[in-house]
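**Student:** Sharing a sequence plus its predicted fold:
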Amino acid sequence: MSLTIAATPAGDAPVYPPQGLTPTREQIVRHLRHSCAVAERATLMGHHPFGAILVGPDQETVLMEQGNVDTVNHAESVLARVAALNFTPQYLWGCTLYTSVEPCCMCAGTAYWANIGRVVFGMTEMQLLQATGDHAENPTMSVSSRYVFDHCQKPVELIGPVAEVEEEIMRVQRAFWASRTG
């Protein structure tokens with residue numbers, strides 16, 4: 001598969017190919033639960049509860065998974081950077097990044113520059129703020145990933161939040177942040 005950008009009349013936006021197979025609701029829920037499990041594992045290593053996985057264009061094959069590392073090495077950003085080193089931009093355009101919580105603007109930008117064509121999240125950044133409050137370890141930003149992707153040239157597809165997993169993800173977040181002194 002080649003990422004061919006169609007020529008357009010002057011002033012029109014370029015036309016990008018479709019992102020590949022659209023995930024089913026069952027696939028979305030399954031992969032978000034997987035990213036939530038990765039987030040839980042991150043906490044066992046002393047990291048914040050965020051997890052991401054990269055799924056191939058077939059919407060079944062899990063290519064990579066990544067938990068949060070620290071405040072500048074978020075799960076989604078690390079995963080996107082490593083994916084960009086290991087897969088072609090053409091291939092990544094057909095892949096989907098699943099993440100337990102909506103990517104921050106840094107992570108959305110990294111997924112964009114890595115050429116990942118679709119991002120799916122379980123719970124919004126504003127819902128995360130409800131769980132963390134004004135916790136010093138997680139100063140939430142009020143810039144949604146939807147805002148970031150709406151201001152990009154490439155049409156990255158964004159799906160989320162997903163009601164079927166919101167409460168599961170919120171439980172993980174609440175449990176972790178309640179255990180921290182802030």
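**Tutor:** Alright, I've got the coordinates.
**Student:** Residue 162 and residue 84: what is the separation?
**Tutor:** For residue 162, the distance to residue 84 equals 26 Å [Cβ to Cβ, to the nearest Å]. All C-beta spots, glycine's among them, are computed from the backbone N, C-alpha and C.
**Student:** The host helix or strand of residue 91: which residues count as buried?
**Tutor:** Residue 91 is part of helix 89-93 when elements are defined by DSSP states H and E. For helix 89-93, burial by neighbour count (16 or more other Cβ atoms under 10 Å) applies to 91-93.
**Student:** out of those residues, who's nearest residue 46?
**Tutor:** Checking the buried residues of helix 89-93 against residue 46 with Cβ to Cβ, the nearest one is residue 92 at 30.0 Å.
**Student:** any idea how far residue 89 is from the residue lying closest to the closest one once chain neighbours are set aside?
**Tutor:** Leaving out its chain neighbours, the residue that sits closest to residue 92 by Cβ to Cβ, 6 or more residues apart in numbering is residue 115, at 4.6 Å. Residue 115 sits 4 Å away from residue 89, taking Cβ to Cβ as the criterion.
**Student:** that older thread, would you mind giving the buried residues of helix 89-93 as a markdown table with pLDDT added?
**Tutor:** Formatted as a markdown table, these follow (pLDDT from 0 to 100):
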| residue | pLDDT |
| --- | --- |
| 91 | 95 |
| 92 | 96 |
| 93 | 96 |
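**Student:** Distance from the chain centre to the helix holding residue 91, please.
**Tutor:** Relative to its chain's centre, helix 89-93 lies at 16 Å (Cα atoms, centre = their mean, to the nearest Å).
**Student:** With adjacent residues omitted, what lies nearest to residue 19?
**Tutor:** residue 117 (3.5 Å).
**Student:** Neighbours of that neighbour, how many?
**Tutor:** 25 (other Cβ atoms under 10 Å).
**Student:** The one 3 residues further on now?
**Tutor:** Residue 120 is flanked by 24 other residues according to other Cβ under 10 Å.
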